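In: I would like the atomic coordinates for the input below:
(one chain, ligands or ions: 1)
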Amino acid sequence: QSQEFSQVRIDYHGALLALQEHGTRMVCTGKMHTDRICRFDYLCYCTEAEEFVFFHSNTSVMLPNLGPRRFQPALLDLSSVEDHNTQYFNFLELPAAALKFMPKPVFVPDVTLILNRFNPDNLMHIFHDDLLPIYYTMQQYSDLDDEARLVFMEGWGEGAHFDLYRLLSSKQPLLKEQLKTFGKLMCFTKSYVGLSKMTTWYQYGFVQPQGPKANILISGNEIRQFASFLMERLNITREEGDDYIVVFKRTTNRLILNEAELLLALAQEFQMRTVTVSLEEQSFDSIIQIISGATMLVSMHGAQMITSMFLPRGAAVVELFPYAVNPEQYTPYKTLASLPGMDLQYVAWRNTMEKNTVTYPDRPWDQGGIVHLDKEEQERILASKEVPRHLCCRNPEWLFRIYQDTSVDIASFLDLLREALKKPNIKKAKVASTVHPGRVREPKCQTSVQATNEAKLSVSWQIPWNLKYLKVKEVKYEVWIQEQGENTYMPYILPHQNYTFSENIKPFTTYLVWVRCIFNKNLLGPFADVLICKT
Ligand code: UDP
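Out: This is a model prediction of the structure:
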């Protein structure tokens, strides 16, 4: 491995001189540690101290130069999980002159992206916290290309799906543990530190109960493009034609106890082939191959459901929840399926029959056991019909309930699907347009007074500039009229480019009028500059 950086590709002496002379340079984006990504020249890492080192010289740059605020609480988040106190990044400082007394640095010639994976043993976390953020952070910086080197500093081993991380660049990713093998002092010639959080849609409940992020910035388009990228790297092509249902099962816990019965019911109801997959029985690649052509994915709540991002547009996602678990409170997969442009139909089924659940009070606490709790608490949990809202990650009642096995009540399950699913076979689902209208142009108003208590207000405008290049099924306009000084306004939806208002229009009054265009009912354009109209 240490061969890899055999210092032939760079001029070692030149690099050392540059480091000694210029020290480290850092320029970052972001106002806060939670939205910051930093770019470094000659960021070093001391493998003995397990600390990054910033070497000061006369020409080093540190922007932002936060002084001691760099520790309040950190320079940046190393993982995509917001403000998690185990995921902070910082560096030590030294004068470049100290290099003379330090071990000879080993230079990493590749452009490097340095980050923490959050939980590389869990497929949801792998995709949501790591793969998508890494992929789109790399898209943000053009020198983070296919030759870029990923360095994972969280300190874990490879984890269950390390091959997926390997797909992101042609170079083998490095783990913190491996850095030692390169020497005592490593210097990254060019590196980026931190991850974009732009792609994440879920917060896991560290400060408030889990749920969708407050301000989701990703759409199905970006998820699907990422999914296509992975499929291409895995040499998987979506096979279309045959309709079939995939039941994604778990084999060690949170089981579906009457799996055979469920498969048969699905096959009969939808007149389709049904197949089961599990992470234990199939390779990840073959699972993606199967899911990418499926009409419906049925699964117990769990990380394996992140694979729903590979479903074709129009497919249905059916998520099963064990007894006493409220589907509304645990929505990472619902949120994913419902992102605009994912074009998936999502349905949650919940076991409401206590007789159909199998509990495991005797298991270790992290698999949902509760025998370590005092008797009273155990009894309360056993009697409870729904897990109350809670924070991550060790709530025993939550773990107890989410690790139950379930016998799915077929009648209620099929009823729900009949009710909730429009024909799940919309494989030919059209990609909805996402082009928004521009501002309406040349908005104008004209007024006239008819009588002491009667006036008219005519508003007209021209179509948005981009409309003449588009085929839009339905073009409407929205007009807001507010009497100056009032808090409320009257909204109107209009089909044409002018309208004369007479109801509620008073003489000798000033009105503020806003106009915008709407494509296909929900694609809103911006308002044109406000019109001031005096009757
Ligand atoms: N897992 C699995 N089969 C099982 C149990 C777990 O494939 O029977 C996988 C699961 O998909 C996830 C990882 O193991 O990737 C950890 O599962 P855990 O129950 O801890 O997390 P959850 O699925 O609830 O997010």
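In: correct me, but Glu51 touches Glu93?
Out: No. Shown here, Glu51 and Glu93 do not form a contact pair, counting by Cβ atoms under 8 Å, at 10.3 Å. (Each C-beta comes from the backbone N, C-alpha and C, glycine too.)
In: would it be right to say that Gln450 lies in a helix?
Out: No. Using DSSP: H, G, I helix; E, B strand; the rest coil, the assignment for Gln450 is strand, not a helix.
In: please name the nearest non-neighbouring residue to it.
Out: Counting by Cβ to Cβ, 6 or more residues apart in numbering, Lys456 is the residue found nearest to Gln450 once chain neighbours are left out, at 6.5 Å.
In: any idea which helix or strand carries that neighbour?
Out: Element membership of Lys456 [criterion: DSSP states H and E] is strand 454-462.
In: and that strand, what's buried?
Out: Within strand 454-462, the residues scored as buried using 16 or more other Cβ atoms under 10 Å are Ala455, Leu457, Val459, Ser460, Trp461.
In: one more: stretch 134-154?
Out: 134-138, 141, 144, 148-154.
In: could the residues you listed go into a markdown table alongside secondary structure?
Out: Output for the buried residues of stretch 134-154, formatted as a markdown table (three-state DSSP):
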| residue | secondary structure |
| --- | --- |
| Ile134 | helix |
| Tyr135 | helix |
| Tyr136 | helix |
| Thr137 | helix |
| Met138 | helix |
| Tyr141 | coil |
| Leu144 | coil |
| Ala148 | coil |
| Arg149 | strand |
| Leu150 | strand |
| Val151 | strand |
| Phe152 | strand |
| Met153 | coil |
| Glu154 | coil |
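In: looking at the residues you listed, which is nearest Thr434?
Out: The nearest member of the buried residues of stretch 134-154 to Thr434, counting by Cβ to Cβ, is Tyr136 at 17.9 Å.
In: number of residues surrounding whichever residue of the stretch 351-500 of the chain sits closest to the ligand?
Out: In the stretch 351-500 of the chain, the residue that lies nearest the ligand is Ile402 (6.4 Å; Cβ to the nearest ligand atom). For Ile402, the count of nearby residues is 21 (other Cβ atoms under 10 Å).
In: on that earlier part again, right, and the pair among the buried residues of stretch 134-154 with maximum separation?
Out: Taking Cβ to Cβ as the measure, the buried residues of stretch 134-154 span a maximum distance of 21.1 Å, between Tyr141 and Glu154.
In: contacts only, for Tyr204.
Out: By Cβ atoms under 8 Å, 6 or more residues apart in numbering, the residues touching Tyr204 are Val81, Gln210, Cys392, Cys393.
In: most neighbours out of those, which is it?
Out: Val81 (24 neighbours).
In: do I have it right that Pro173 meets Glu154?
Out: No. The pair Pro173 / Glu154 is not scored as a contact, 11.9 Å apart, by Cβ under 8 Å.
In: can you list the weak-confidence ranges in this protein?
Out: Counting by pLDDT under 70, the ranges of the chain that qualify are 1-9, 423-430.
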